[in-house]
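A.B. asks: Build me a structure from this.
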Amino acid sequence: MNTLILPWDWHRVVIEPWSSGASVYGWILLMGFLINLTCGLIGNYLILRRMALIGDAISHSVLPGMAIAFLVAGAWQLPIATEGTPSPVPEGLPHGMAMVIGAGIAGIVTSLIIEWIHQKSRIKQDAAIGITFSTLFALGVVIISLYADKVDLDADCVLHGEIAFIPLEPFLTIGTHPIAPAPVVQMGVVAILTALGIGLFYKELLVSSFDPGLAHATGIRADWIHYGLMIWLSVVVVSAFESVGAILVIAMLILPGASASLLSQRLHIMLAWSSLHALLSSLIGLHLAIWWDTSIAGSMVVAGSGLFFLSWLISPSQGPLWRRLRRKPSTDTKAAATQPLSKTYS
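C.D. replies: Residues are numbered from 1 along each chain as shown. Modelled structure (predicted):
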């Protein structure tokens, strides 16, 4: 790179991707939006519960669960020898389903270990989170290193992801008509189920997020809600692994909800703001990646960070712009009120 700021080409960056490359960039944008939307919706509750670090922990600690699930799924695919011609290999448990199951179990185990360390010792919760996720993540790395020749698991894909490969994935079809790449369909189903779950359990999630004591008093099993949220968080994380990896998914869990919390204190409005953040960060990030010729998922996170900074600037409760606007009228009013007194006593 010879220059700090790359030259801007409006046609190449903005027009050409949609005039001649819509069949490729359209799927990438849709996948990015679905990931940001799903992570943003569930991330709102992590922020309200002050559990953003648990999202970080689960996004790392599901790695050993995924690796072990791959090993188990591969072990079930045992060939049956027959005399003469070779027999087909049984399908066994599909690897995609094995990943989801392994991630869900790992999410539960992570939550239980964190709570156990925090309650049974004098170690604070943030330290318990750090101990748990670093240990489990290291365990996952060791398992992948030992069995990488037996399990078709790409460590780079797990860590960093590559959303640009989405259009190259096999398409799901209805009859002979291709519908969409399989990862897009999977992420779409997860997004729909996430939205339905929030709609069905809106009251329970709201009360247990703001006041677990009140939730218990009103008959809501806050502990069940908590572990159910952790399980679904694991499903969301593993669904996004292939496209954005374990590192960038953390930002996608936090940035939309954090930006929304700066703009409103009402939960349903926060969910709407985080959805808009998901759309804008995906669209802006895609064009930034084309302009800079760099990682698309990484550019989406950079765009999301820029939107977070903008949300902070214009935040009605915490933004410096609003504080300055509120301070100026109050100063003028005070000066006007004291002006007659100064004339009186002069």
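A.B. asks: Now stretch 111-121: buried residues?
C.D. replies: 111, 113-115, 117-118 (16 or more other Cβ atoms under 10 Å). Glycine gets a C-beta too; all of them are placed from N, C-alpha and C.
A.B. asks: Then stretch 36-55?
C.D. replies: Buried, per 16+ other Cβ under 10 Å, within stretch 36-55: 36-49, 51-55.
A.B. asks: Please narrow those to those residing in helices.
C.D. replies: Judged by DSSP state H, the subset of these located in helices is 36-48, 52-55.
A.B. asks: Could you report the distance from residue 213 to residue 64?
C.D. replies: 34 Å (Cβ to Cβ, to the nearest Å).
A.B. asks: For these two, indicate the residue with more neighbours.
C.D. replies: residue 64 (25 against 10; other Cβ atoms under 10 Å).
A.B. asks: Got the confidence number for the more buried one?
C.D. replies: According to the prediction, residue 64 has pLDDT 85.
A.B. asks: burial of the closest residue in space to it that isn't next to it in sequence, as a residue count?
C.D. replies: Sequence neighbours aside, residue 140 is the residue nearest to residue 64 in space, at 3.8 Å (criterion: Cβ to Cβ, 6 or more residues apart in numbering). Residue 140 has 24 neighbouring residues, counting by other Cβ under 10 Å.
A.B. asks: could you point out where the stretch 101-250 of the chain is predicted with low confidence?
C.D. replies: Scanning the stretch 101-250 of the chain for pLDDT under 70 picks out the ranges 148-160, 246.
A.B. asks: can I get the CA coordinates of stretch 278-290 in PDB?
C.D. replies: What follows is stretch 278-290 as a C-alpha-only set of coordinates in PDB (Å, rounded to 0.1, in the frame of the first residue of the first chain):
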ATOM      1  CA  ALA A 278     -27.200  -4.500  11.700                       C
ATOM      2  CA  LEU A 279     -28.400  -3.400   8.200                       C
ATOM      3  CA  LEU A 280     -26.300  -0.300   8.000                       C
ATOM      4  CA  SER A 281     -23.100  -2.000   9.300                       C
ATOM      5  CA  SER A 282     -23.500  -4.800   6.800                       C
ATOM      6  CA  LEU A 283     -24.100  -2.500   3.800                       C
ATOM      7  CA  ILE A 284     -21.400   0.000   4.700                       C
ATOM      8  CA  GLY A 285     -18.900  -2.700   5.700                       C
ATOM      9  CA  LEU A 286     -19.400  -4.500   2.300                       C
ATOM     10  CA  HIS A 287     -18.600  -1.300   0.400                       C
ATOM     11  CA  LEU A 288     -15.600  -0.600   2.700                       C
ATOM     12  CA  ALA A 289     -14.200  -4.100   2.000                       C
ATOM     13  CA  ILE A 290     -14.600  -3.500  -1.800                       C
END
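A.B. asks: pLDDT of that stretch, averaged?
C.D. replies: pLDDT averaged over stretch 278-290 gives 95.
A.B. asks: in the stretch 51-200 of the chain, which spans are strands?
C.D. replies: For the stretch 51-200 of the chain, strands defined by DSSP state E, counting those that start in this stretch occupy the ranges 171-174, 177-181.
A.B. asks: List every C-alpha atom in the shortest one, with coordinates, as PDB.
C.D. replies: Extracted in PDB, the C-alpha atoms of strand 171-174 (Å, rounded to 0.1, in the frame of the first residue of the first chain):
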ATOM      1  CA  PHE A 171     -27.500 -24.100  -3.000                       C
ATOM      2  CA  LEU A 172     -30.600 -25.600  -1.400                       C
ATOM      3  CA  THR A 173     -33.200 -26.400  -4.000                       C
ATOM      4  CA  ILE A 174     -36.900 -27.000  -4.300                       C
END
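A.B. asks: And the contacts of that strand?
C.D. replies: 178-182, 185 (Cβ atoms under 8 Å, 6 or more residues apart in numbering).
A.B. asks: Which members of these are classed as buried?
C.D. replies: For the contacts of strand 171-174, buried by 16+ other Cβ under 10 Å: 180-181.
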